[in-house]
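Trainee: any chance you could fold what I've pasted below:
(one chain, ligands or ions: 1)
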Amino acid sequence: MTALEVLQQRFPNAKPKIAVILGSGWGDFAKAIENPQTVSYKDLPGFPLPSVQGHASDLIYGTFGDKEVVILTGRKHTYETGDADGMKLPIRTLKAWGCEVLVQTNAAGSLRPFMQPGSLMMINDHINLPQRSPLIGETGSERFVSMVNAYDADLRSKAMAMAKAQGLPVYEGVYAWYVGPQFETPAEIRMAAIVGADAVGMSTVPETIIARHSQMKVLAISLMTNMGAGLSEENISHAHTLSQAQAASENATKLLTQVIQNMTL
Ligand code: HPA
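Mentor: Below you'll find the predicted structure:
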């Protein structure tokens, strides 16, 4: 059986249009879903088993108000295997299941002094610094996918308006992808800021490319867990990322819940 067949058999009446991939520290969002039903990735052929502490590996189907939503609680990162296409099968499965929108969340390092740890940033564009693609080996002209408006302007402006209405400080900016898993050097952080990035992280970009190739709309939100290397005195570590994300997760969950409930599809 394919992963799609497993999902269709388990949830015969489901018609989710919105898929969410959760990044480090966004786990509380999964707890906010109503009527949750969980399928482990290990029961979904081809879904990856993430190996990072703090990253879960369940698909959760449920609702937020009148919206059916499917949450992927963890993603495969390029730094785990060297392959950028670890989320290709899951994203294509969700598209085949009917999902039209991919909402992505992540933890990121801030490059802007005004965007302090705990801040949220809607990604309005990205820089694929390593120039790695999950579409290597694809055939057909669809592989030459446009990356203009990769982060859907309409979804983003609605989400920004919602954040404003709630009094939540949310920025908009450019996300630069470094493969990791090592954190950046201070020089790499300075370079990213010079070329126009506002935040850096180790995910999201490959998934956006896969989703755009599948003609899904993308909305992505970064949670700043630290200032980029060399921009502050604090130590950067995975534990620090998780604890900062935890501290900010209430706002993050509130915003994302509202955004999804009010999405017009
Ligand atoms: N760099 C890369 N990825 C990250 C960071 C960072 O500073 N913080 C959280 N994820």
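
Trainee: where in the stretch 1-150 of the chain is pLDDT low?
Mentor: The model of the stretch 1-150 of the chain has pLDDT under 70 over residues 50-55.

Trainee: got the phi and psi for residue 154?
Mentor: Dihedral angles of residue 154 (phi, psi; degrees, to the nearest 10) stand at phi -70, psi -50.

Trainee: for the one 10 residues further on, same thing?
Mentor: Dihedral angles phi and psi of residue 164 (degrees, to the nearest 10) take the values phi -60, psi -50.

Trainee: can you check the pLDDT for it?
Mentor: pLDDT recorded at residue 164 is 89.

Trainee: same check, this time on residue 232
Mentor: At residue 232, the predicted lDDT confidence score is 89.

Trainee: ok, now which ones touch it?
Mentor: Residue 232 makes contacts with residue 226, as judged by Cβ atoms under 8 Å, 6 or more residues apart in numbering. Where you see a C-beta, it was placed from the backbone N, CA and C, and this is true even at glycine.

Trainee: quickly find the element holding it.
Mentor: Per DSSP states H and E: residue 232 is located in neither a helix nor a strand.

Trainee: what do you get for the one 4 residues further on?
Mentor: Mapping residue 236 onto the secondary structure by DSSP H and E places it in no helix or strand at all.

Trainee: the one 4 residues further on too?
Mentor: For residue 240, the enclosing helix or strand under DSSP H and E is helix 238-261.

Trainee: show me where the stretch 101-250 of the chain has strands.
Mentor: Along the stretch 101-250 of the chain, counting by DSSP state E, counting those that start in this stretch, strands occupy 101-110, 120-128, 170-177, 199-201, 217-227.

Trainee: so which of the ones you listed is nearest residue 27?
Mentor: Closest to residue 27 of those, according to Cβ to Cβ: strand 101-110, at 10.1 Å.

Trainee: that closest one: how far from the chain's middle?
Mentor: Centroid displacement of strand 101-110 relative to its chain, using Cα atoms, centre = their mean, to the nearest Å, is 4 Å.

Trainee: what does the chain put close to the ligand?
Mentor: Contact residues, the chain versus the ligand (Cβ under 6 Å from any ligand atom): 107-109, 178, 183-184, 200-202, 225-226, 228, 236, 241.

Trainee: who wins on neighbours among those?
Mentor: Tallying neighbours with other Cβ atoms under 10 Å puts residue 108 at the head of the residues of the chain next to the ligand, with 31 neighbours.

Trainee: check contacts around the residue of the stretch 51-200 of the chain found nearest the ligand.
Mentor: Proximity of the stretch 51-200 of the chain to the ligand (Cβ to the nearest ligand atom) peaks at residue 109, 2.2 Å away. For residue 109, the contacting residues are 183-184, 189, 199-201, 224-229, 236, by Cβ under 8 Å, 6+ apart.

Trainee: just give the closest residue to the residue in the stretch 151-265 of the chain positioned nearest to the ligand, not the sequence neighbours.
Mentor: Relative to the ligand, the nearest point of the stretch 151-265 of the chain is residue 201 (4.2 Å; Cβ to the nearest ligand atom). Counting by Cβ to Cβ, 6 or more residues apart in numbering, the nearest residue to residue 201 once its immediate chain neighbours are dropped is residue 108, at 3.9 Å.
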